[in-house]
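> Generate a structure from the sequence data that follows.
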Amino acid sequence: MPSFRPVPAALAGVAFVAYMAARTHRLAVLLDPVARAEGLARVPRRILWGSGLVSFWVLLVLPLRLGELSRPVIFDRCKVGTIRFAEVLSATAVERVADGLTLCALLAAGIAGVSMDPAAASATGRTMASFAVLFLAGAVGLVWVAARPGSAGAVAARPFAAVGRADLAARAAAVAHRVAATVEVLADRRVAARFVAWTAAYWGLAVLYPWAVAHAVGYPLSAGGAAVVVGAIGLAIQLPGGPAQLGSFQFGAAVALAAVGDATSDQAVAFVAALYALQIVGTAAAALAGLVILSWGRRAHGASAAS
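Numbers count the residues shown, from 1 in each chain. Purely as a prediction, here's the structure:
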């Protein structure tokens, strides 16, 4: 029977809050340079944090990963300088590519650090390699857009120009240049180093809190096993799925736990249930706080813009 251990449970709660904070704040690394180019000191923090907390919950509950659009939409409505949908969406795309590559690295490290059935390790490795190719292709695409904004703009405009919509062609080319300008901030080594550091901290916390949840219910999960669990769940939910990641989350967890040892014991079932509940309840509570923070941020930003 599962047992409850308060100390690892408290650690899981603290690590989850820190994980949410890191996820919410990381976008500042990419958008602050864009804001400074527009004469702002930085992206307004209440809008940054509020949008992040709300969008994480929207991403969780909407199917087909449609929630990825929520943060760009919120920023677009807040009218922070010239930072609009295109800038935030491109920064979000950079985050997702970095996250995908990090997930593959976590899964590879976990496979190397735990004892796994050779057939399961081989199958997991092939799946990981397929995802890694996709994320690397995304990274190459973003680099190309940043390095050749003129060519990217021409490609974006071509379909509209072909049907005689010169106005839409011009807008598409302008959006491509705005995307390129956002991605290009990573050419600054200091910005790139800060982004890597925030990404490493974020994913370190993403491994820590499931490990703590497992030990809170008496499931003996190693650090390497936690990396495999996080990697498998993370890759499973990258694919478009149903609302609240229901099904894809459990599938990824079951595959990972079966590979590292035990997926059917009472402790294993309790671990997956507790981990999923923490994600659902934690992100819902964070979204409520995010709505309040976002409301404060919009009022403060509106007042400063009017003055």
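> Work out for me the element residue 172 sits within.
helix 166-183 (DSSP states H and E).
> Please identify the buried residues of that helix?
169, 172, 173, 175, 176, 177, 178, 179, 180, 181, 182, 183 (16 or more other CB atoms under 10 Å). For every residue, glycine as well, the C-beta is placed using N, CA and C.
> ditto for stretch 62-77
62, 67, 68, 69, 70, 71, 72, 73, 74, 75, 76.
> could you redo these as TSV and give each row distance to residue 26?
Formatted as TSV, the buried residues of stretch 62-77 follow (distance: CB to CB, whole Å):
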residue	distance to residue 26
62	21
67	17
68	15
69	18
70	16
71	12
72	15
73	19
74	16
75	15
76	20
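> Lowest-confidence one in those residues?
Minimum pLDDT for the buried residues of stretch 62-77 is recorded at residue 62 (86).
> Which elements pack onto the helix holding residue 172?
helix 27-37, helix 85-113, helix 118-147, helix 149-162 (3 or more CB pairs under 8 Å, 6 or more residues apart in numbering; DSSP states H and E).
> I'd like those helices as JSON lines, with mean pLDDT appended.
Below are the helices and strands packed on helix 166-183 laid out as JSON lines (pLDDT from 0 to 100):
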{"stretch": "helix 27-37", "mean pLDDT": "95"}
{"stretch": "helix 85-113", "mean pLDDT": "94"}
{"stretch": "helix 118-147", "mean pLDDT": "92"}
{"stretch": "helix 149-162", "mean pLDDT": "95"}
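> Tell me, how many residues neighbour residue 31?
By other CB atoms under 10 Å, 22 other residues sit near residue 31.
> Am I right that it is in contact with residue 86?
No - the criterion here is CB atoms under 8 Å, and residue 31 misses it with residue 86 at 12.0 Å.
> What is the helix ranked longest in the chain packed up against?
The residue-count maximum for a helix in the chain (DSSP state H) belongs to helix 266-306. Contacts defined by 3+ CB pairs under 8 Å, 6+ apart place helix 266-306 against helix 6-25, helix 45-61, helix 70-78, helix 189-216, helix 248-260.
> Turn those helices into JSON lines, including distance to residue 97.
Shown next, in JSON lines, are the helices and strands packed on helix 266-306 (distance: least, CB to CB, whole Å):
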{"stretch": "helix 6-25", "distance to residue 97": "15"}
{"stretch": "helix 45-61", "distance to residue 97": "16"}
{"stretch": "helix 70-78", "distance to residue 97": "16"}
{"stretch": "helix 189-216", "distance to residue 97": "11"}
{"stretch": "helix 248-260", "distance to residue 97": "20"}
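> Residue 126 is nearest to which of those?
helix 248-260 (12.9 Å; CB to CB).
> ok now that closest one, how far from the chain's centre?
20 Å (CA atoms, centre = their mean, to the nearest Å).
> Can you name the residues in contact with it?
110, 114-117, 120-121, 124, 221-222, 224-225, 228-229, 231-237, 239, 241-242, 263, 268, 271-272, 275-276, 279 (CB atoms under 8 Å, 6 or more residues apart in numbering).
> Report the buried members of those.
Buried subset of the contacts of helix 248-260 (neighbour count, 16+ other CB under 10 Å): 110, 114, 116, 121, 124, 221-222, 224-225, 228-229, 231-237, 241, 263, 268, 271-272, 275-276, 279.
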